[in-house]
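In: what's the 3D shape of this:
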Amino acid sequence: METVFRSWRLLKRSFAVLMSDKELMWLPVISGLFCLCATVIIGGIGLLLVLPIGIIPTEPAQQKMLAKQMTPFLFLLYVVTYNIAAYFNVALVSIALDRLAGGHASLTDGLQTAWDRKWSIFQWALLAATVGMLLQTLERRLDFLGRMVAGITGVVWTLASFFVVPLLAAQNIEPAEALSKSAQIYRKAWGEQAVSAFSFAAIVFVFAQPALLLPPLAVFYGRTQILASIAIAITYFLLLAVAASAARGVLLAALYRYATTGEVSSGFHLDDVRRHPAAEEL
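Out: Here you go, the predicted model:
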């Protein structure tokens, strides 16, 4: 329960900091639009190339063959979307790091930092996409024990890579070095707090639940109300996703800053970010 309470406090403080710098929310919006465009383009081209015109696979064997043929396009989509998401996350976290330290970095400054790191970001996206595809393949093809091992490996990978984006934002280093340093920071200083940061996604999910009730309730009022409730629910989900993504970037910046400098960022409380003495700057 303490982890849940800490997650709630971190979430509130991250949103409070975000509300003082609302322009940070533009970065998740732009990232989402680019990812959507990439999905439509790459997915559409893949389906046009591998799916015969006028034929919709309905048999399990046909669907399995389609999935196999689409694998290269799915991998390309993974790389592209990972790259886009990481690029704008690096931009967001670099701005947050500067502002939490009392600076006045702008969106242009954050995007310039991401551009300066573009090759490192691309290499990280390629590595992350490869690991993600391998883990998914293992989970599909192995038995129960194999899937359990793959699942544990996925959790370890997620935890080890927790601070990669802040490291890429703060230092011009290679992805392998960033991953190694991220694992060191997590192990030395941030085990419990990182779990709190992960669980704040569950809290955001709880906040999303009221919107799910709108369409069912609107059924009793008519078609127009149903369509309006669906539009409201979708808008609410999108705004919540944007705000949560930006707040998570602020949280990552605050945790990374304390872990590497020992300084508590403005808007955060020492009790929420402290577990062990801060790690030495890596």
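In: Can you point out the buried residues in stretch 104-124?
Out: Buried positions in stretch 104-124, judged by neighbour count with 16 or more other Cβ atoms under 10 Å: A105, G110, L111, T113, A114, R117, S120, I121, F122, W124. In this view, the C-beta of every residue, glycine as well, is placed from N, C-alpha and C.
In: With A85 as the reference, measure out to the last one.
Out: Using Cβ to Cβ, to the nearest Å, we find W124 at a distance of 11 Å from A85.
In: The fifth one too?
Out: For A114, the distance to A85 equals 11 Å [Cβ to Cβ].
In: what stretches of the stretch 151-282 of the chain score poorly on pLDDT?
Out: Applying pLDDT under 70 to the stretch 151-282 of the chain picks out residues 188-203, 214-223, 225, 266-282.
In: elements contacting the helix or strand hosting V90?
Out: Using DSSP states H and E, V90 sits within helix 60-100. Applying 3 or more Cβ pairs under 8 Å, 6 or more residues apart in numbering; DSSP states H and E, one finds that helix 60-100 contacts helix 26-50, helix 107-116, helix 118-141, helix 164-170, helix 223-261.
In: For A91, find the nearest of the ones you listed.
Out: Judged by Cβ to Cβ, the one of the helices and strands packed on helix 60-100 that comes nearest to A91 is helix 107-116, at 3.7 Å.
In: what does the closest one rub up against?
Out: 23-24, 26-27, 87-88, 90-92, 94-95, 98, 121, 169, 172 (Cβ atoms under 8 Å, 6 or more residues apart in numbering).
In: Just the buried ones from those?
Out: If you count burial by 16+ other Cβ under 10 Å, the buried members of those come out as L24, L27, Y87, F88, V90, A91, L92, S94, I95, D98, I121, A169.
In: got the contact list for stretch 163-182?
Out: With Cβ under 8 Å, 6+ apart as the test, stretch 163-182 has contacts from 86, 89-91, 93-94, 97, 113-114, 116-117, 120-121, 123-124, 127, 160-162, 185-186, 190, 249, 252-253, 255-256, 259-260, 282.
In: Distance to G32 and pLDDT added to the buried residues of stretch 104-124, as a markdown table?
Out: Written out in a markdown table, the entries for the buried residues of stretch 104-124 read as follows (distance: Cβ to Cβ, whole Å; pLDDT from 0 to 100):
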| residue | distance to G32 | pLDDT |
| --- | --- | --- |
| A105 | 22 | 85 |
| G110 | 16 | 91 |
| L111 | 16 | 93 |
| T113 | 20 | 93 |
| A114 | 16 | 93 |
| R117 | 21 | 93 |
| S120 | 22 | 93 |
| I121 | 17 | 94 |
| F122 | 19 | 94 |
| W124 | 19 | 93 |
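In: Was I right to think E139 contacts G151?
Out: Yes - assessed by Cβ atoms under 8 Å, E139 is found in contact with G151 at 6.9 Å.
In: Which one of the two is surrounded by more residues?
Out: It is E139, of E139 and G151, that has more neighbours when counted by other Cβ atoms under 10 Å, with 16 against 13.
In: do you know how far the more buried one is from L159?
Out: 18 Å.
In: do the same with V80
Out: Distance, V80 to L159, using Cβ to Cβ: 25 Å.
In: give me the number of residues near the residue nearest to G154 when sequence neighbours are not counted?
Out: In space, and not counting its chain neighbours, G154 is closest to L135: 4.9 Å by Cβ to Cβ, 6 or more residues apart in numbering. The burial count assigned to L135 is 16, neighbours taken as other Cβ under 10 Å.
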